[in-house]
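# Next comes the sequence, and after it the predicted model I'd like to discuss.
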Amino acid sequence: MTDALATDVRKAATWSIVLSFLMIAAGVLAIGGPMIAGVAVTAIVAWLLLFSGLLHLAFALRAGRAGAAVWEILLGILYGAIGFYLLARPVAGLESLTLAIAFYLFLEGVLEFTLSLRLRPAPGSGWLMIDGVVTLVLAVMIWSTWPSSAAWVVGTLVGISMLFSGIPRLMYSVAVRRLLA
């Protein structure tokens with residue numbers, strides 16, 4: 001490996017280490033303050049919906065047929081209205097996102113459980129069954145305590161995701177740095 005390439009890789013690994021620490025710290029903060037993190041996620045989703053609504057309205061101008069334009073306009077209005085609602089009432093929006101997560105986890109758990117039964121003779125299918133059961137239990141826990149679960153579900157899940165994304169990234173970046181030492 002050339003010296004210039006090694007220097008570039010070392011710089012990239014250093015930045016990756018810094019970003020990994022920031023991701024881990026953000027994950028810990030989100031787990032520590034799940035309501036704040038949940039409202040922040042709700043605001044991000046709201047802005048994405050507003051932007052998507054604007055894009056649908058822009059696509060309506062380019063639609064070749066009147067029927068397609070009408071659907072794009074309706075979708076744009078729907079996305080925009082939901083985005084405005086989430087921005088205007090972030091706690092209610094957080095409750096809605098929490099219910100959507102519970103529904104998603106329920107469907108995922110059922111599908112994983114079903115897949116585990118279909119793959120029953122295959123090695124490792126038991127892990128799919130365990131995953132399906134755990135996912136179903138989590139969905140039922142969230143659903144049965146809704147709307148009070150909105151205070152912790154979204155922020156905690158985002159925090160855990162950031163934490164478990166940051167740690168492997170940190171380990172990989174440190175390993176790359178050690179290879180170059």
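Perfect, thanks for sending it. Predicted, not measured: the structure shown is a model, and the values here were computed from it.

# and the spatially most central residue of the chain, what is it in contact with?
Geometric centre of the chain, nearest residue: residue 158, 6.5 Å, by Cα atoms, centre = their mean. Shown in contact with residue 158 (Cβ atoms under 8 Å, 6 or more residues apart in numbering): 27, 30, 37, 38, 41. Any C-beta I mention is one placed from the backbone N, CA and C, and that applies to glycine too.

# try 7 Å this time
Counting by Cβ atoms under 7 Å, 6 or more residues apart in numbering, residue 158 touches 30, 37, 41.

# Residue 169 now?
By Cβ under 7 Å, 6+ apart, the contact set of residue 169 is 16, 20, 23.

# Hmm, residue 180 and residue 10 touching each other?
Yes - contact criterion Cβ atoms under 7 Å: residue 10 and residue 180 qualify, at 5.3 Å.

# hey, where'd the helices end up in this structure?
Counting by DSSP state H, the chain has helices at residues 3-32, 34-62, 66-88, 90-118, 125-144, 153-180.

# can I get those helices in TSV with mean pLDDT?
Listed next are those as TSV, based on pLDDT from 0 to 100:
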stretch	mean pLDDT
helix 3-32	89
helix 34-62	91
helix 66-88	90
helix 90-118	88
helix 125-144	85
helix 153-180	85
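
# Count the neighbours of the nearest residue to residue 127 once chain neighbours are set aside for me.
Distances taken as Cβ to Cβ, 6 or more residues apart in numbering put residue 116 closest to residue 127, at 8.0 Å, once the chain neighbours are dropped. Using other Cβ atoms under 10 Å, residue 116 is surrounded by 20 other residues.
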